[in-house]
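Peer 1: test case, fold it:
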Amino acid sequence: MSQFNKILVVVDPSEDNQKALFRALEMSERHPAQITVFLTIYDFSYEMTTMLSPDERNSMRNAVIQDRKDWLTELIAESQIAANNIDTKVVWHNRPYESIIRTVLEGEYDVVVKGTHEHDILKSVIFTPTDWHLLRKCPCSVLLVKEHEWPENGKVLAAVNAGTEDEDHAKLNNTIIEHAQFVSRLLRSETHLVNAYPPTPMNIAVEIPEFDPNEYNSTMKNHHKKTLHQLATENDLDVGNTHLYEGMPEDVIPRVAKDLDAELVVIGTVGRSGISAALIGNTAEHVIDNLNCDLLALKPPGFESPVRL
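Peer 2: Next up, the predicted model:
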């Protein structure tokens, strides 16, 4: 399987440690790939310089872009990696996520690799972080990189929804496991599955006197356990490497990842926008800040980005 033949690396000029670049280089050493090192820049003051002609403003912008290209070239040289499979791209754009997604569409990239920061939840309701925009709208896989190393003989955790009866979710489960196994082979790591199932809805227990919460919980757990084990068996995985817990995915997944000391969590995302996105968000978005390892977010089959060329 060759998911990662073309990699778009988003660098952050404010960071000394370009962890996304080094992760992409590490990936290409294990599985040959074409890498584009990408940077979006924008300075509103250049647009407001009314004393300059349009040509002079363009010249100033081009000078800034060239300066950033030179910086990227130095960055690659400092990595001491053969640069024959690496190129650079600098784009002048006031919305980084749009320029990233349009570059993905133009170049047909397989994965975007980007370092991530902790997000302020209140600010995120008003100003959606670039990471969250990418999770919702980027048509290809998104690898968000933290400081955790990728050692050999480690653990890759695939977060699935084994109890689903939805056909698209079932396909997404298989895509998640497929990618997790691919990375596991690269790293000579173990693939583990994690599944969270919902707790007993207490309002039902209050409203319906004859409702037995213990029986409901047991039935729910057994159903998810059976389907999780079946999913593992179908994908030639050890049933002993499955982890089933009651609770919300954003609580269960980071806890299991920490217990396993996983280097990577693979998760599916569903694009969401508008008020529901601001108030509810995606499981992947909530999981990011609670994880101490990398997150590989995948789109469901047939996903189309709302961003167009």
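
Peer 1: C-alpha only now, for contacts and for neighbours.
Peer 2: Noted.

Peer 1: who touches stretch 147-156?
Peer 2: 19, 180, 183-184, 187-192, 260-266, 292-294 (Cα atoms under 8 Å, 6 or more residues apart in numbering).

Peer 1: from those, list just the buried residues.
Peer 2: Buried by 16 or more other Cα atoms under 10 Å: 19, 180, 183-184, 187-192, 261-266, 292-294, out of these.

Peer 1: distance check, residue 25 against residue 74.
Peer 2: Applying Cα to Cα, to the nearest Å, the value for residue 25 to residue 74 is 15 Å.

Peer 1: settle it for me: which of these two has more neighbours?
Peer 2: Set residue 25 next to residue 74 and count neighbours by other Cα atoms under 10 Å: residue 25 wins out with 23 against 11.

Peer 1: rewinding a little: among the buried ones among the contacts of stretch 147-156, which are in strands?
Peer 2: When the buried ones among the contacts of stretch 147-156 are checked against strands (DSSP state E), the matches are 190, 191, 192, 264, 265, 266, 294.

Peer 1: who are the neighbours in contact with residue 168?
Peer 2: 300, 301.

Peer 1: tell me which element it falls in.
Peer 2: helix 167-187 (DSSP states H and E).

Peer 1: now that helix: how far from the chain's centre is it?
Peer 2: Relative to its chain's centre, helix 167-187 lies at 14 Å (Cα atoms, centre = their mean, to the nearest Å).

Peer 1: list the buried ones in that helix?
Peer 2: 169-170, 172-173, 175-184, 187.

Peer 1: mean confidence for the helix of greatest length in the chain?
Peer 2: If you go by DSSP state H, the chain has its longest helix at helix 54-78. Averaging the model's pLDDT scores along helix 54-78 yields 88.

Peer 1: same check, this time on stretch 230-238
Peer 2: Computed over stretch 230-238, the mean pLDDT rounds to 96.
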